[in-house]
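# Turn this into a model:
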Amino acid sequence: MPDSERITLKELAKRLGLTRSHARKYVQKVGRIHGFAGRKVHTRDSGAGPAPLTFSKEEAEIILRERQHTFGTDSKPAQEVQGDTGYFYIIQLVPDLDPKRIKLGFATNVRERLAQHQTSAPTAVCFKRWPCKRSWEQTAIECVTIGSCRLIKNEVFECDDVEAVARKAEEFFKLMPDVAHNVSLADITQPERNCP
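Numbering: from 1, shown residues only. Sure, this is the predicted structure:
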């Protein structure tokens, strides 16, 4: 395949529905799994600046297929393909031994995050999840753990009542706007300009 026909990261980001920085992380992860890393080369559309990161058509198809496989059957894929929206989750790390030990956090793909935890905690299960923006994560954790949970380490808590934590999370997310909502700009707002 000629270099000029390779697919740029920018084009892949558009097809994936991700920002370029989130797309870069995603394609690097898929590339590690499938044994490719992309190459920096100029294409027909890349202009005269630095060579962009590019992928062969076969590599791009693998990336897109992985994304479709990961999100294609999810009930809310539109929320997950955006880089700053996903889910706030409660994962019980060892429900068979200590059901009160939970991991709280944000993930764009909860199944993938659960699979990561299952490498060290094979019986881990997702207790519940809610649509969430990445910027809400810390506030949500503080809200749902107040009074009844003790921090063990790295967003892992020992909680007196996991159901009560889930109820607090339910109330918290009822107060939050839809994750797809963005504040509109006022008419007076000027477009961004680069400094001369």
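# Find the nearest non-adjacent residue to the residue most central in space within the chain, please.
Central residue of the chain (CA atoms, centre = their mean): T108, 2.5 Å from the mean position. Nearest residue to T108 in three dimensions, chain neighbours excluded: G86, at 3.7 Å (CB to CB, 6 or more residues apart in numbering). Bear in mind the C-beta positions are built from the backbone N, C-alpha and C, glycine included.
# I'd say that neighbour and N109 touch.
Yes. At 7.0 Å, G86 and N109 qualify as touching, with contact defined as CB atoms under 8 Å.
# More neighbours: which of the two?
Comparing G86 with N109 by other CB atoms under 10 Å, the one with more neighbours is G86, at 25 against 18.
# any idea how far K153 is from the more buried one?
Going from G86 to K153 by CB to CB, to the nearest Å gives 23 Å.
# same check, this time on E66
31 Å.
# Please apply the same query to R111.
R111 is 24 Å from K153, by CB to CB.
# So which of the two has more stuff around it?
Neighbours were counted for R111 and for K153 using other CB under 10 Å; R111 has more, 14 against 6.
# The more buried one - that's part of a helix, no?
Yes. Under DSSP: H, G, I helix; E, B strand; the rest coil, R111 falls within a helix.
# for the chain, what spans make up the strands?
7-8, 39-40, 53-55, 85-94, 98-107, 125-133, 149-153, 156-159 (DSSP state E).
# Which one, of those, ends up nearest to V165?
strand 156-159 (5.3 Å; CB to CB).
# Report all helices and strands that that closest one contacts.
Judged by 3 or more CB pairs under 8 Å, 6 or more residues apart in numbering; DSSP states H and E, strand 156-159 is in contact with strand 98-107, strand 149-153.
# Give the rounded mean pLDDT of that strand.
Taken as a whole, strand 156-159 carries a mean pLDDT of 96.
# which stretches of this structure form helices?
Under the criterion DSSP state H, helices of the chain are mapped to 9-16, 20-34, 57-71, 77-80, 110-118, 137-145, 162-175.
# least reliable of those going by mean pLDDT?
Among these, helix 77-80 carries the lowest mean pLDDT (a mean of 37).
# what separates the residue nearest to C143 when sequence neighbours are not counted from G17, distance-wise?
Take C143 and drop its neighbours on the chain: the residue closest to it by CB to CB, 6+ apart is F172, 5.0 Å away. From F172 across to G17, the span is 27 Å (CB to CB).
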